[in-house]
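>>> Need a 3D model of the sequence below.
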Amino acid sequence: MADGTRAPGATASEDADIAPIDTPPHDRARHDEDEYGWLLRQAGLLRAGRLDEVDAQPLAEFLTDMAKSDIRALRSTMRVLLLHLLKVLIQPDRLTGSWVSTIIEQQEQAAEMIADSPGMTPMLPKLFDHAYKVARRQAAAETGLPLPQFPPDNPWTLDDALAFVPPEPPPRGRRAARPG
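Residues are numbered from 1 along each chain as shown. Predicted coordinates for the structure are as follows:
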């Protein structure tokens, strides 16, 4: 803080990243001109307990947008996971290391997002259902197979999808020809 004291709960390294909160109003970052600076200032004001100076309405809108962004990110992660699970289900002979890697990465990301945001739990079934519908259409487009070839109803629960252990891809190319 400007007087050299720290906000309650703030560390020295946190304070180094916080914009001064005792600057004149014309020098203060506005949310529509410098979002990063504005956010740091709002955080500093909150830490200092100076709630009457917090730019409350834009901060509330920003936080709501962040929550929506988290939902979109989880839905996207689920979609990518389900897309690859569908490809493995329908075309197991075309399984690649890239598919396996993508499945593992998306499982890890989805599990982390869910663990980090338990408040999203009530929305998970709807998000998972929507992600499957999009993944199914995308799988048909990517594989060139007709849409009816993919199950109309999601064959996995969220827990099943997160726990799915992909098979080893078959050896391909020059490596496949080499023994050992």
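>>> quick check: mean pLDDT across stretch 158-178?
In this model, stretch 158-178 has a mean pLDDT of 80.
>>> same thing with stretch 83-96?
96.
>>> what's the span of that stretch, first residue to last?
14 Å (CA to CA, to the nearest Å).
>>> Give me the distance between that stretch and the centre of its chain.
23 Å (CA atoms, centre = their mean, to the nearest Å).
>>> Buried residues, that stretch. List them.
83, 84, 85, 86, 87, 88, 95 (16 or more other CB atoms under 10 Å). Backbone N, C-alpha and C define where each C-beta goes, glycine included.
>>> Could you check how far the most centrally placed residue in the chain is from residue 83?
The residue lying closest to the centre of the chain (CA atoms, centre = their mean) is residue 73, at 3.7 Å. Residue 73 is 16 Å from residue 83, where distance means CB to CB, to the nearest Å.
>>> before we move on, the earlier item: as TSV, the buried residues of stretch 83-96 with secondary structure and distance to residue 153 would be great.
Output for the buried residues of stretch 83-96, formatted as TSV (DSSP: H, G, I helix; E, B strand; the rest coil; distance: CB to CB, whole Å):
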residue	secondary structure	distance to residue 153
83	helix	16
84	helix	18
85	helix	14
86	helix	12
87	helix	17
88	helix	17
95	coil	23
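>>> Give the buried residues for the helix or strand where residue 126 lies.
In the assignment (DSSP states H and E), residue 126 maps to helix 124-143. Within helix 124-143, the residues scored as buried using 16+ other CB under 10 Å are 127, 128, 131, 132, 134, 135, 136, 138, 139, 140, 143.
>>> Find the nearest non-adjacent residue to the second one, please.
When you say that, I think you mean residue 128. residue 158 (5.0 Å; CB to CB, 6 or more residues apart in numbering).
>>> cool, and the fifth one?
Excluding the flanking residues, the one nearest residue 134 by CB to CB, 6+ apart is residue 79, at 5.2 Å.
>>> so the one you found is in which element?
helix 56-90.
>>> re the thing from before, my guess is the residue nearest to residue 128 meets residue 123, correct?
No: between residue 158 and residue 123 there is no contact, the gap being 11.4 Å when judged by CB atoms under 8 Å.
>>> okay, the two: which has more neighbours?
residue 158 (20 against 14; other CB atoms under 10 Å).
>>> can you tell me how far that one sits from residue 77?
Applying CB to CB to residue 158 and residue 77 gives a distance of 12 Å.
>>> picking up where we left off before, against residue 71, how distant is the residue nearest to residue 128?
15 Å.
>>> And for residue 156?
20 Å.
>>> Neighbour count: the two, which is higher?
residue 156 (18 against 15).
>>> these two touch, right, the more buried one and residue 162?
No: taking CB under 8 Å as the definition, residue 156 is not a contact partner of residue 162, at 9.0 Å.
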